[in-house]
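Q: here is a sequence with its predicted model. Questions after.
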Amino acid sequence: MVTTDISQLTAECNTWRSNLRKSREELTQCKHRLQEVASRQIPKNMLQDVEHYHNQFHIQLINVHDLKQAIKEHERIAGWELNSAKGISDAVWAKHEQLYDNYQHLDHTLNELKEEFNHFRQGFS
């Protein structure tokens with residue numbers, strides 16, 4: 001049972017990190033599309049929106065990086081505890097649940113940001 005639990009923990013962490021890598025690539029693509037929009041003649045009142053999206057992409061790329069690092073560290077700690085005599089602590093399982101909540105929240109935020117940005121870009125097509 002413990003082996004199943006740790007393999008599930010590891011599989012979930014790998015899935016989260018893989019999805020975060022994809023999100024990082026999508027955010028980078030959005031930044032490039034924003035640069036294309038900004039390079040055109042756009043009304044002054046839209047410059048504030050361009051700056052908003054530029055800032056949001058930067059912030060969310062940092063959030064993706066930080067969460068990926070937290071997940072990697074969590075996996076290392078879980079592996080270390082698995083090899084110890086005591087096994088995996090309740091604190092590690094609680095951290096896993098917290099990381100899952102953080103992952104879901106970030107994923108929701110990123111999806112909303114991409115949707116808003118795509119709507120913004122449609123105004124320039």
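A: Noted; the coordinates are in hand. Residues are numbered from 1 along each chain as shown.
Q: now do the buried residues in stretch 69-78.
A: Ala70, Ile71, His74, Glu75, Ala78 (16 or more other Cβ atoms under 10 Å). To be clear about C-beta, it is placed using only N, CA and C from the backbone, and glycine gets the same treatment.
Q: from Leu34, how far off is the third one?
A: Right, His74. Distance of His74 to Leu34, computed by Cβ to Cβ, to the nearest Å: 32 Å.
Q: for the helix or strand harbouring His74, enumerate the helices and strands it packs against.
A: Using DSSP states H and E, the element containing His74 is helix 44-83. Here helix 44-83 touches helix 2-38, helix 90-122, going by 3 or more Cβ pairs under 8 Å, 6 or more residues apart in numbering; DSSP states H and E.
Q: show me what counts as buried in that helix.
A: Applying 16+ other Cβ under 10 Å to helix 44-83 flags 49, 53, 56-57, 60-61, 63-64, 67-68, 70-71, 74-75, 78, 81-82 as buried.
Q: between that helix and helix 90-122, how many degrees?
A: Counting by axes from the mean of the first three to the mean of the last three Cα atoms, to 10 degrees, helix 44-83 lies at 160 degrees to helix 90-122.
Q: quick one, helix 44-83 and helix 2-38 angle?
A: 160 degrees.
Q: now do the contacts for the most centrally placed residue in the chain.
A: Most central residue of the chain, judged by C-alpha distance to the mean C-alpha position with Cα atoms, centre = their mean, is Val64 at 3.5 Å. Shown in contact with Val64 (Cβ atoms under 8 Å, 6 or more residues apart in numbering): Leu20, Ser23, Arg24, Leu27, Leu106, Leu110.
Q: output stretch 107-117 as CSV - backbone C-alpha positions only.
A: Provided in CSV are the C-alpha atoms of stretch 107-117 (Å, rounded to 0.1, in the frame of the first residue of the first chain):
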residue,chain,number,x,y,z
ASP,A,107,-4.1,26.4,-13.5
HIS,A,108,-7.5,28.2,-13.2
THR,A,109,-5.8,31.6,-13.1
LEU,A,110,-3.7,30.8,-16.2
ASN,A,111,-6.7,29.6,-18.1
GLU,A,112,-8.6,32.8,-17.2
LEU,A,113,-5.6,34.9,-18.2
LYS,A,114,-5.2,33.1,-21.6
GLU,A,115,-9.0,33.4,-22.3
GLU,A,116,-9.0,37.2,-21.5
PHE,A,117,-5.9,37.7,-23.6
